[in-house]
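Asker: below: sequence and its predicted model.
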Amino acid sequence: MIAGKTITLIITGSIAAYKSAELVRELTKSGAKVQAVMTKSACEFITPLTIQSLAGSRVTVDIFDPSSEAEISHIELADSADVVLVAPASADIIAKAAHGVADDIATTLLLATKAPVIFAPAMNVNMWENPLTRENVTKLKTLGCDFVDPGEGELACGWIGKGRFADTDDILDSIRAVLSPKTLAGARVIVTAGPTREAIDPVRFVSNRSTGRMGFALARVARWLGAEVTLVTGPSEIASPQGMSVVRVISAQDMYEAVFEEVVRQDTGLNKTQFVFMAAAITDHRPAGASATKIKKDKSKTYELKMEPCLDVLQELGANRERIEDSSGLALKLVGFSAETGDEEQLLAWAREKLERKNADLMVGNFADDAFGQDTNRIWLLEKDGRQEEVSTAEKHMIAGRIIRAALRV
Ligand SMILES: Cc1cc2nc3c(=O)[nH]c(=O)nc-3n(C[C@H](O)[C@H](O)[C@H](O)COP(=O)(O)O)c2cc1C
């Protein structure tokens, strides 16, 4: 998606400017052409030479420099961009952009460009929360600019709060979101991810090896494609992606409740379909009657754990299709996942049996060892009409794209 695209990157005078070096590296690694522009203040924090070496092309700093204007003019920098990215974006450039100021190369090209513009602000928390900055951000958002919101934490200035330059991954995600075709525009997408944990006592639990990567990839790709996304995830170390609502749960029962609360919510917008991707590895059985206090160890004893079934969220969704569609006003498309061991024939037989029994529209079959804890996956897509397709090993966000394409088709 980013490969082959031209990104005009504006670096401004923030203490986070040094992080733009990593951003340039990741963009070029993804196959983008980076045309960097630096404000005079940005050059106080990082040298144009560093950025130039990483971008592999000249960095423009001075609008009145005849040699850079001859090589690539400020208008070409504005016109040739697929995306203009301001990262890090100072409070100053946000204010200037919101008011149409054009007093240097960065602000002039921002005023001249017709390309989508993304700001990734970084500043002191009080600057970020200042009503003037809030007003400027709102104005730019209203005008169609995108923002990768700053994170919270300890800031370079010593304050703690919102203002940290967003992670490179979140910035790349926003570029992908801007560049992707909006095949899911107007759709609601609910994705479940990760494992669930079932308590044995307050400190012990039963769970599985799922990390959440497949579900998070699905949620991110659905967002790139323009969907309104809710990610319901069990315990996962992956940070919440931007641009979607993220609900964190612990147990299978929590996940059931969170999913049902979401699917029956009435939609008053233009949406016509809601897709539910059940990528979570929800625990099938839980300890019956978890102990309220920590079970004391006694190494002379053998313990038996009595297990009772958890609710099967996909099956409940399939069985309540009509009720969900009536109350949400949206057509429901259910995508299940079947993680198996054994051979391919068994995997396909089990996945197809689940597709039927759970009344799903699409089943994604995969081997547990290919899926759990990996950045890649290999899947089989099984449709109701008997069709099936193998998707060979690829990065999980590529796999997510294939699953979404199939869900749009069924
Ligand atoms: C050490 C130092 C760190 C700064 N960090 C930030 C920052 O993180 N965010 C910000 O908006 N301004 C920051 N500033 C202030 C800007 O550099 C200043 O407003 C400048 O005029 C911005 O110019 P520009 O928007 O043309 O790059 C910092 C200034 C100094 C001296």
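Answerer: Structure's in. What do you need?
Asker: in the stretch 151-300 of the chain, which residue sits nearest the ligand?
Answerer: Closest residue of the stretch 151-300 of the chain to the ligand, CB to the nearest ligand atom: Ala156 (6.7 Å). C-betas here are computed from N, CA, C, even on glycine.
Asker: how is this protein partitioned into domains?
Answerer: 6-179, 188-286+302-409 (automatic domain parsing).
Asker: what does this protein put close to the ligand?
Answerer: 12-16, 39, 41-42, 90-93, 122-123, 127 (CB under 6 Å from any ligand atom).
Asker: thought Ser30 was touching Ile2?
Answerer: Yes. Using CB atoms under 8 Å, Ser30 is in contact with Ile2, at 4.3 Å.
Asker: find residues that contact each of these two.
Answerer: Taking CB atoms under 8 Å, 6 or more residues apart in numbering as the contact rule, Ser30 and Ile2 both touch Leu172.
Asker: next, the contact list for the nearest residue to Lys306 once chain neighbours are set aside, please.
Answerer: Take Lys306 and drop its neighbours on the chain: the residue closest to it by CB to CB, 6 or more residues apart in numbering is Ala288, 4.4 Å away. Shown in contact with Ala288 (CB under 8 Å, 6+ apart): 306-308.
Asker: could I get the phi/psi values of Ala288?
Answerer: phi -80, psi 120 (degrees, to the nearest 10).
Asker: if I look at the closest residue to Asn130 other than its chain neighbours, how far off is Glu308?
Answerer: Leaving aside its chain neighbours, Asn130 sits nearest to Ala91 (7.6 Å; criterion: CB to CB, 6+ apart). Between Ala91 and Glu308 the computed distance is 56 Å (CB to CB, to the nearest Å).
Asker: between these two, which is the more surrounded one?
Answerer: Ala91 (23 against 10; other CB atoms under 10 Å).
Asker: thinking that one is in contact with Glu129, fair?
Answerer: No. With contact defined as CB under 8 Å, Ala91 does not reach Glu129; the gap is 10.7 Å.
Asker: longest strand of the chain?
Answerer: Scanning the chain for the strand with the most residues, using DSSP state E, yields strand 331-340.
Asker: these two touch, right, Ile51 and Lys19?
Answerer: No. The pair Ile51 and Lys19 does not pass the contact test of CB under 8 Å, sitting 11.6 Å apart.
Asker: neighbour count winner among the two?
Answerer: Higher neighbour count among Ile51 and Lys19: Ile51, with 26 against 23, using other CB under 10 Å.
Asker: which ones are touching the more buried one?
Answerer: Per CB under 8 Å, 6+ apart, neighbours of Ile51: 11, 20-21, 24, 36, 38, 59.
Asker: again, only using 10 Å
Answerer: Applying CB atoms under 10 Å, 6 or more residues apart in numbering to Ile51 gives the contacts 9, 11, 17, 20-21, 23-24, 34, 36-38, 42-43, 57-59, 61.
Asker: so how far is the ligand from it?
Answerer: Separation of Ile51 from the ligand (CB to the nearest ligand atom, to the nearest Å): 14 Å.
Asker: follow-up on the earlier one: Met127 versus the residue nearest to Asn130, what's the distance?
Answerer: Distance from Ala91 to Met127, by CB to CB: 5 Å.
Asker: again with Gly336
Answerer: Distance from Gly336 to Met127, by CB to CB: 47 Å.
Asker: so if I had to pick from these two, which one is more boxed in?
Answerer: Shown here are Gly336 and Met127; by other CB under 10 Å, Gly336 has more neighbours (26 against 20).
Asker: residues contacting the closest residue to the more buried one other than its chain neighbours?
Answerer: Nearest non-adjacent residue to Gly336, counting by CB to CB, 6+ apart: Ala360, 4.2 Å away. The contact partners of Ala360, by CB under 10 Å, 6+ apart, come to 276, 278, 314-315, 317-318, 321, 333-338, 354, 382, 384, 410.
Asker: just the buried members of the residues you listed?
Answerer: Buried subset of the contacts of Ala360 (neighbour count, 16 or more other CB atoms under 10 Å): 276, 278, 314-315, 317-318, 333-338, 354, 382, 410.
Asker: what's the farthest-apart pair in the residues you listed?
Answerer: Gln315 and Val410 (18.4 Å; CB to CB).
Asker: in the stretch 301-410 of the chain, which residue sits nearest the ligand?
Answerer: His397 (30.5 Å).
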